[in-house]
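Colleague: Would you be able to build a 3D model of this:
(one chain, ligands or ions: 1)
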Amino acid sequence: MRQKITIGTRSSKLALWQAEYVADCLRKQYPDIQVELLRITTKGDKILDVPLAKIGGKGLFTKELEVAMLNSDIDLAVHSLKDMPTALPKGLSLSAITKRFDFNDALVSPVYKTLENLPKGAKVGTSSLRRKAQILNVRPDLNICNLRGNVNTRLRKLEEEHFDAIVLAVAGLKRLGFGDKITQIIPAKICLPAVGQGALAIETRSDDDEIKQMLAFLHDDKTTDATTAERAFLARVEGGCQVPVGVYAQIDEDDKLVVEAVIGSLDGKTLIRDSLIGKRENASQLGTKLAEIILQKGGLAIMQSLGLCCEK
Ligand SMILES: NCc1[nH]cc(CCC(=O)O)c1CC(=O)O
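Modeller: All right, here's what the predicted structure looks like:
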């Protein structure tokens, strides 16, 4: 067995927390192995002032890490699953998906606390088209303004730029110790999360069987099945975070997989939302099928109006 494992990570506080978390798990599991972090800057980290939807490009936060892995500078990369493109570069695999604890989005609104309580026309910060469309659907009066940057930056801008509320993932806030700033967990019936939100993905070289085996203890079956359906949905609509697409899958009490998803128009007036239930072993087909249904019910027209084609 190898003596040392090098984990590649972005340098944002959230990325470092995630990489440290996996490093600690590995150190506990394999006390004799040295585990190190190597910080790598990605394009997404460099372009901070442009809404992600405008930069486009898949794998904005992952590409440089993948190059390092293919060069064997690092053995694995830790990502938020939601930042992972649905198709990985040749030679790389998703080797473990960790247990998901929090999938929802959160409102941070020190004065008004909840969406319902926000005054008419309140200034709400998010650059996510998914969050924007779903929030406008229930509160068309709100003034949604762009808010980019990592979690710490966004919390700082909440005050500096006088937002009445900002929207962030519960998972990221909690990981960084900002759980107490959350004033409302936005229910999934209002806002479906991004694909894979709240789960960590560990990426390795496809042929590195040793590291894959070493990571097996971090793998969570239920989260993997659920996020497999979510990623299949996204792969079919080819949305990324550039379109208002939300999807959430979970395993119910009968061990069935329940997938819910939405495609929305940018103004939030139209939300095409539906759900499917099926067997866990058919996760991928279930996600694809739900995508077909939602596209057919009007999702395709929305995608086309955005200049995004997903006909297959
Ligand atoms: N887009 C950036 C990003 N990538 C992962 C998370 C949060 C952690 C997660 O969803 O697992 C965040 C911040 C956010 O959306 O608020």
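Colleague: just so I have it, where are all the strands in the stretch 1-150 of the chain?
Modeller: For the stretch 1-150 of the chain, the strands defined by DSSP state E, counting those that start in this stretch occupy 4-9, 34-39, 76-80, 92-97, 105-108, 123-125, 143-145.
Colleague: swap that for the stretch 201-312 of the chain, please
Modeller: For the stretch 201-312 of the chain, the strands defined by DSSP E, counting those that start in this stretch occupy 245-251, 256-264, 271-279.
Colleague: And the second one, what's buried?
Modeller: The neighbour-count criterion (16 or more other C-beta atoms under 10 Å) identifies 257-264 as the buried residues of strand 256-264. The way it works is simple: take the backbone N, C-alpha and C, and place the C-beta from them, glycine included.
Colleague: cool, and the last one?
Modeller: Burial within strand 271-279, assessed by neighbour count using 16+ other C-beta under 10 Å, is assigned to 271-276, 278.
Colleague: Is it possible to get a markdown table of these that adds distance to the ligand?
Modeller: Shown next, in a markdown table, are these (distance: C-beta to the nearest ligand atom, whole Å):
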| residue | distance to the ligand |
| --- | --- |
| 271 | 20 |
| 272 | 23 |
| 273 | 21 |
| 274 | 23 |
| 275 | 21 |
| 276 | 23 |
| 278 | 25 |
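Colleague: before we move on, the earlier item: right, so of the strands of the stretch 201-312 of the chain, which gets closest to residue 23?
Modeller: Among the strands of the stretch 201-312 of the chain, strand 245-251 comes nearest to residue 23, with 28.5 Å by C-beta to C-beta.
Colleague: And the ligand, is the closest one touching that?
Modeller: No: contact of strand 245-251 with the ligand (C-beta under 6 Å from any ligand atom) is absent, the minimum separation being 12.0 Å.
Colleague: Relative to residue 168, which of the strands of the stretch 1-150 of the chain is closest?
Modeller: strand 105-108 (5.7 Å).
Colleague: Give the other helices and strands that that closest one contacts.
Modeller: Here strand 105-108 touches strand 165-169, helix 170-175, strand 184-186, going by 3 or more C-beta pairs under 8 Å, 6 or more residues apart in numbering; DSSP states H and E.
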